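1. sequence plus the predicted model coming up.
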Amino acid sequence: MAKNVSDEHGSKGVETISSSSSCQSSSSPRSSPYVHEVGVPPKQNLLKEIAAVVKETLFADDPLRHFKDQPSSKKFILGLQAIFPILEWGKHYNLSKFKGDLIAGLTIASLCIPQDIGYAKLANLEPQYGLYSSFVPPLVYAFMGSSRDMAIGPVAVVSLLLGSLLQDEIDSSANPVGYRHLAFTATFFAGLTQFILGFLRLGFLIDFLSHAAIVGFMGGAAVTIALQQLKGLLGIKKFTKDTDIVSVMSSVFSSARHGWNWNTILIGISFLIFLSVTKYIGKKQKKFFWVPAIAPLISVIISTVSVYATRADKHGVEIVKNIRKGINPPSVKEIFFSGQYAGKGFKIGVVSGMIALTEAVAIGRTFASMKDYQLDGNKEMIALGTMNIVGSMTSCYVATGSFSRSAVNYMSGCETAVSNIVMACVVLLTLALITPLFKYTPNAILASIIISAVVGLVDIEAVTLIWKIDKFDFIACMGAFFGVVFSSVEVGLVIAVSISFAKILLQVTRPRTAILGKVPRTATVYRNIQQYPDATKVPGILIVRVDSAIYFSNSNYVKERILRWLADEEEHVKENSQPRFQYLIIEMGPVTDIDTSGIHALEELFRALQKRDIKLVLANPGPVVVDKLHASKFQELIGEGRIFLTVADAVRTCYSKMELEP
């Protein structure tokens, strides 16, 4: 039957009102339209429930689905392919794909060789260790990794972080041997951390570091790295070991009168301009992507020949000097597996390994989405962990995916991870044959290459977008940025993680709630009145939605927030001489779960409403919530027929009930 429902403005509209038999008097002569009852899920076995939760948390992608109903021989092959993806895609490899990988591999090799030498200096290691880290790790990753586009090697942020943390424990200039041993130890534990996370399928842990915090941390690290390069760019010999902007700029200006070398400045600034111009060309004309890729190697060759020809090193221009010739020597015996430095190496390794892992997974996912293929995050972690464990035993320090090299790899037309093999082979030839040619490479050119590479890590567009979308994310971003710039990489990292966790806690403990109204010209649609200002409230009924699971951490807040909504609305209806509230309907659709504290909070809410002569009604609870409500006999407490499938059913029934009351 039809009833006229007046909205809060006094207008009337025709709406069909139905009453549930449970909410009407049994003697009522009126016939009630059908209202679908809320289903109670069947009881689940406790062990099955636990197994289901574990499966969904750790094995949501069902990694064993390919092994079902397969003979033992096939399972063995599939097992090998799961560990070494190259055995799967290698079956379809052909000459056409190799051409693309060859070009891409040669291109990223021309970029990585000068970068590796510079990044090794960021980590306070001798130049050859940067090259070592672009030989063994990429080979291991090519066999075990699942990304087709990611280029592996040392990266600026991890190099700076590792160098900063290691320097706090052992002075690289006073004890270079001990420092190197600690670097290999940290690399081993970084790889072990990554491997364990992947093996135990705990990759979701890295998602606790928000995108905004990563943007801020990377930007701050880029500024810090660029500031550190002023030593090489200006030819300063006495330079601070601190990384904060105040200490660095004080060191720069205090040495301005006698500490700068103008020959060095001329070399550094000239090639920095050259590198910037080539990057601009590559950005504006995509077909010339190879120009900024080979520009660093061209810069190294030209500057090295120039310094050698003019003997500029005799006039104060600092040069790389000797780079040890030969391939990676074994370093297993140089790792601290016991003693005081083992624990320190473990802590440094965990931190640097997590940052390296976060960067690699983000890069891998980015390019996988661009080429529309799936990336197995846990396999990636195992691959990255294995390559760093092996790398630590072959004189490498922490390697990961490089965004700049991966972008060049992608734009060069790479087809598979074979491009990493090609790059590693070029690095091998460099180590075996031509490292002495880098003897006269000026440090200024390495500083220019690093500054040019890290400028892109300051993502102004991303920061602007973060500001527009979420102000709390912006605070996290800026907190991480200023923490790195004005203090240290470690402080910036702690701030980034702390603010990310603070946001999670805030969202968990203070979930959003909203008052709902009926959207005009619809029969059953109820939405947030702040989002839809023309949505009308139902006289005598307050509809509130809770947008979160109700746990011990937020249950008291949810109860008090609903009561505050009710108090505010009661004051409003009194001022406007509108009917008092007789029903409070809670839309439970977004409430994915509820615990005993949540049930207790609802019971307290029910009793508080009883004192005001207001009935509590629930709408649209999910299966988990319904099961727990029935287990606690909450439906008996509030009265039968007070839980509805939809808000519309609840409104029709309760409004009809109000009409029946005198």
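-> Cool, got the structure.
2. list the contacts of whichever helix or strand residue 476 is part of.
-> Residue 476 belongs to helix 471-486 when elements are defined using DSSP states H and E. Taking Cβ atoms under 8 Å, 6 or more residues apart in numbering as the criterion, the residues outside helix 471-486 that touch it are 210-217, 219-221, 223-224, 244-246, 463, 466-467, 491-496, 499-500, 503, 506. Yep, even glycine has a C-beta here, placed from its N, CA and C like the rest.
3. secondary structure class of residue 414, three-state.
-> Secondary structure, DSSP: H, G, I helix; E, B strand; the rest coil: residue 414 is coil.
4. just to revisit the earlier point, whichever of the contacts of helix 471-486 end up buried, select them in ChimeraX.
-> Those of the contacts of helix 471-486 that count as buried under 16 or more other Cβ atoms under 10 Å are selected in ChimeraX with:
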select :210,212,213,214,215,216,217,219,220,221,223,224,244,245,463,466,491,492,493,494,495,496,499,500,503
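5. picking up where we left off before, quick one: mean pLDDT for the helix holding residue 476?
-> Taken as a whole, helix 471-486 has an average pLDDT of 92.
6. repeat for stretch 37-51
-> Across stretch 37-51, the average pLDDT comes to 73.
7. alpha carbons only: can I get it in CSV?
-> Listed in CSV are the C-alpha atoms of stretch 37-51, where the atom choice follows Å, rounded to 0.1, in the frame of the first residue of the first chain:
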residue,chain,number,x,y,z
GLU,A,37,15.1,-12.3,5.8
VAL,A,38,18.8,-11.9,6.5
GLY,A,39,20.5,-15.2,5.9
VAL,A,40,22.7,-16.8,8.7
PRO,A,41,25.7,-18.6,7.2
PRO,A,42,26.1,-22.2,8.1
LYS,A,43,28.5,-23.0,11.0
GLN,A,44,32.1,-23.5,9.9
ASN,A,45,34.6,-25.9,11.3
LEU,A,46,37.2,-23.9,13.4
LEU,A,47,40.2,-25.5,11.7
LYS,A,48,38.6,-24.9,8.2
GLU,A,49,38.1,-21.2,9.2
ILE,A,50,41.7,-20.8,10.3
ALA,A,51,42.9,-22.6,7.1
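8. how far out from the middle of the chain is it?
-> Stretch 37-51 has its average C-alpha position 33 Å from the chain's average C-alpha position, going by Cα atoms, centre = their mean, to the nearest Å.
9. which other residues reach that stretch?
-> Everything outside stretch 37-51 that qualifies as a contact, by Cβ under 8 Å, 6+ apart, is 52, 621, 623-624, 626-627, 630, 643-645.
10. what's the answer for stretch 421-440, then?
-> Applying Cβ under 8 Å, 6+ apart, the set of residues contacting stretch 421-440 from outside is 101-102, 104-106, 108-109, 112-113, 116-117, 127-128, 131-132, 134-136, 138-139, 142, 151, 153, 300, 304, 307-308, 313, 319-328.
11. the same query, at a cut-off of 7 Å, please.
-> Under the criterion Cβ atoms under 7 Å, 6 or more residues apart in numbering, residues 101-102, 105-106, 108-109, 112-113, 117, 128, 131, 134-135, 138-139, 142, 151, 304, 307-308, 313, 319-323, 325-327 lie in contact with stretch 421-440.
12. list the buried residues for that stretch?
-> Judged by neighbour count (16+ other Cβ under 10 Å), stretch 421-440 contains these buried residues: 421-428, 430-431, 435, 438, 440.
13. may I have it as PDB, with CA atoms only?
-> Presented in PDB, the C-alpha positions along stretch 421-440 are these (Å, rounded to 0.1, in the frame of the first residue of the first chain):
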ATOM      1  CA  ILE A 421      72.400 -11.100 -19.300                       C
ATOM      2  CA  VAL A 422      73.700  -9.000 -22.100                       C
ATOM      3  CA  MET A 423      74.300  -6.100 -19.700                       C
ATOM      4  CA  ALA A 424      76.200  -8.400 -17.300                       C
ATOM      5  CA  CYS A 425      78.400  -9.700 -20.200                       C
ATOM      6  CA  VAL A 426      79.300  -6.100 -21.200                       C
ATOM      7  CA  VAL A 427      80.200  -5.400 -17.600                       C
ATOM      8  CA  LEU A 428      82.300  -8.600 -17.500                       C
ATOM      9  CA  LEU A 429      84.300  -7.500 -20.500                       C
ATOM     10  CA  THR A 430      84.800  -4.100 -18.900                       C
ATOM     11  CA  LEU A 431      86.100  -5.700 -15.700                       C
ATOM     12  CA  ALA A 432      88.300  -8.100 -17.600                       C
ATOM     13  CA  LEU A 433      89.700  -5.700 -20.200                       C
ATOM     14  CA  ILE A 434      89.200  -2.000 -20.000                       C
ATOM     15  CA  THR A 435      89.000  -0.900 -16.300                       C
ATOM     16  CA  PRO A 436      92.500   0.700 -16.500                       C
ATOM     17  CA  LEU A 437      91.100   3.100 -19.100                       C
ATOM     18  CA  PHE A 438      89.000   4.700 -16.300                       C
ATOM     19  CA  LYS A 439      92.100   5.600 -14.300                       C
ATOM     20  CA  TYR A 440      91.900   9.200 -15.500                       C
END
